[in-house]
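sharing a sequence plus its predicted fold:
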Amino acid sequence: MQVNSVELFRVSMPMKAAWRTAFSEMSAVDSVFVRLDLDGAVGWAEAAPYSAPNYCAEWADGAFDVLRDWLAPAVVGKRVPDGGAVQALLKPFKGNHFAKSALDIAWWDASARLDGKPLWQAIGGQSPTVSVGADISVQDDTESLISEVGRALDAGFSRVKLKFRPGMEAETIQALRQRFPEAAMHIDCNSGFTLDDLPLFRELDRCGLIMIEQPLAHDDLIDHASLQRELQTPLCLDESIVSLDKARKAIEIGAGRWINLKVGRVGGLTNAIAIHDLCQDRNIPCWVGGMLESAVGQGPSLALATLPNIKYPNDIFPSSRFYEQDVSEPAIDLSGPSVVTAPAGRGHGFAPDPERLHQCTTRHTRIAA
Ligand code: MG
């Protein structure tokens, strides 16, 4: 199988409402779409590190540049029989996991299309039905947060994730727990805190949270291990897990008891599957996170979420949650309360609508053999 060409689209997709986390407030999702031609079959992927390097060190314009100048030229014209071959071609280049992931995922999509299989089956998924949760951004006050959580639970979501940032207090989470004593909830701190916040985490430890996601620095493992030793509540690592090697080290030092897998953050589906398999061997459950991507970006997450060691409702969202109209089609919809079903067609099952892609594209280029 040969990569004949790679086409890049740098896009900005306006959101319905601003999204607030510990690291930013944003009103659009900035991504790079990749269209890869593999023996005539087209695969699509989306790298969404956002517009500024504040979730991680990457950003959308940087991802476009490194794909155009280094990564795409390394794979175009090459024979790539499997995902490992894609990774081997990208290995000389350090970092840039989101950018690399787009080539890896587009290869998987095209390859599954050539094989005539849905991606979730091609990677060994068990069932196309995937459990999903609700994700709630930072709110102005506790009352707004309570009403948002109430809405999500009334809509049938089986768990709720709350963005939690410096300045917020444990009393807010305690108030939620009093109002919803049985709800499955966790908080995502997006690396906003340090070990100096141990008293806060001790209070949060009494709130019956399923997990506390990425409380400490984006590149830390050691302090997470220290914090985990002080808490009953499991920590979940997100930003810190950027590779199979980091996952192994995190597990070995006890830096957390859950891993949030994101295909972009770990450099592609090939690496995400390897981390999933390692975690399965070491009894560390995983779930799948997202970057508020269009359906093309969520497609590989949906496939990944069908693997057996995915043990918690995933951050895979109906298109209407964040967008008036998804740039990609078909739109993702719930197929039941708290459930999304992976498409039965070839590949991950999603592609951009050409007209909508054109409207939100700010830069474009094509690299051919
Ligand atoms: Mg997170």
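Okay, I see it.

does the residue nearest to Glu324 when sequence neighbours are not counted belong to a helix, a strand or coil?
In space, and not counting its chain neighbours, Glu324 is closest to Lys16: 5.9 Å by Cβ to Cβ, 6 or more residues apart in numbering. For every residue, glycine as well, the C-beta is placed using N, CA and C. Under DSSP: H, G, I helix; E, B strand; the rest coil, the three-state class of Lys16 is strand.

same question for Lys100.
helix.

how many neighbouring residues does it have?
30 (other Cβ atoms under 10 Å).

who are the neighbours in contact with the closest residue to the ion within the chain?
Among all residues of the chain, Asp238 sits closest to the ion, at 3.7 Å; criterion: Cβ to the ion. Counting by Cβ atoms under 8 Å, 6 or more residues apart in numbering, Asp238 touches 188, 190, 213-214, 260, 262, 265, 289.

how about Asp115?
Asp115 touches 122, 346, counting by Cβ under 8 Å, 6+ apart.

the same query, at a cut-off of 10 Å, please.
41, 121-122, 346-347 (Cβ atoms under 10 Å, 6 or more residues apart in numbering).

got phi/psi on it?
phi -80, psi -10 (degrees, to the nearest 10).

use 162 as the first number from now on
Done: numbering now begins at 162, and the last item shifts to Asp276.

how close does it get to Pro504?
Applying Cβ to Cβ, to the nearest Å, the value for Asp276 to Pro504 is 15 Å.

His347 now?
For His347 relative to Pro504 (Cβ to Cβ), the value is 28 Å.

kindly report the same for Asp315.
28 Å.

for the nearest residue to Asp358 once chain neighbours are set aside, what are phi and psi?
Leaving aside its sequence neighbours, Asp358 sits nearest to Pro376 (Cβ to Cβ, 6+ apart; 7.6 Å). The phi/psi pair for Pro376 (degrees, to the nearest 10) reads phi -70, psi -30.

hmm, back to that, His347 and Pro504: which is more packed in?
Using other Cβ under 10 Å, the more surrounded residue of His347 and Pro504 is His347, with 22 against 19.

using the three-state scheme, assign that one.
Assignment for His347 (three-state DSSP): strand.

helices or strands up against the helix or strand that contains Leu323?
Assigned by DSSP states H and E, Leu323 belongs to strand 321-324. Here strand 321-324 touches strand 295-297, helix 303-315, helix 331-340, strand 346-349, strand 373-374, going by 3 or more Cβ pairs under 10 Å, 6 or more residues apart in numbering; DSSP states H and E.

quick one: work out the angle between the second one and helix 331-340.
So the one you mean is helix 303-315. 40 degrees (axes from the mean of the first three to the mean of the last three Cα atoms, to 10 degrees).

list the buried residues in helix 303-315.
Buried residues in helix 303-315, counting neighbours by 16 or more other Cβ atoms under 10 Å, are found at 303, 306-307, 309-310, 313-314.

remind me what it packs against, helices and strands.
Packed next to helix 303-315, using 3+ Cβ pairs under 10 Å, 6+ apart, are strand 295-297, strand 321-324, helix 331-340, strand 346-349.

make it 7 Å
strand 295-297, strand 321-324, helix 331-340 (3 or more Cβ pairs under 7 Å, 6 or more residues apart in numbering; DSSP states H and E).

buried deepest among those, which one?
strand 321-324 (a mean of 24; mean count of other Cβ atoms under 10 Å).

need the residues of the chain near the ion, please.
349, 374, 399 (Cβ under 5 Å from the ion).

is it true that the first one touches Glu374?
Right, the one you point to is Asp349. Yes: in this structure Asp349 lies within contact range of Glu374 using Cβ atoms under 7 Å: 4.1 Å.

can you pull out the helices in the stretch 412-530 of the chain?
With DSSP state H, counting those that start in this stretch as the criterion, the stretch 412-530 of the chain has helices at 430-442, 456-465, 480-483, 515-521.

residues making contact with the first one?
If I follow you right, that is helix 430-442. 244-245, 247-248, 265-266, 269, 284, 402, 404-405, 408-409, 420, 422, 424, 427, 447, 461, 465, 468-470 (Cβ atoms under 7 Å, 6 or more residues apart in numbering).

any idea what the residue nearest to Ile371 when sequence neighbours are not counted is bridged to?
Leaving out its chain neighbours, the residue that sits closest to Ile371 by Cβ to Cβ, 6+ apart is His347, at 4.6 Å. Per DSSP bridges, residues listed as beta-bridge partners of His347: Lys322.

what are the structural domain limits within the chain?
164-277+515-529, 282-502 (automatic domain parsing).

still on that earlier bit, buried among the contacts of Asp276? Need that as a selection in PyMOL.
Buried residues within the contacts of Asp276, by 16+ other Cβ under 10 Å, are selected in PyMOL with:
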select buried, resi 202+282+283+507+508
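
for the nearest residue to Lys278 once chain neighbours are set aside, what are its contacts?
In space, and not counting its chain neighbours, Lys278 is closest to Arg507: 6.6 Å by Cβ to Cβ, 6+ apart. Counting by Cβ under 7 Å, 6+ apart, Arg507 makes contact with 273-274, 277-279.

same check on Phe325?
Per Cβ under 7 Å, 6+ apart, neighbours of Phe325: 348-350.

now do Trp220
Contacts of Trp220 by Cβ under 7 Å, 6+ apart are 210-214.

of the residues you listed - the most surrounded one?
Ranking the contacts of Trp220 using other Cβ under 10 Å puts Pro210 first, with 27 neighbours.
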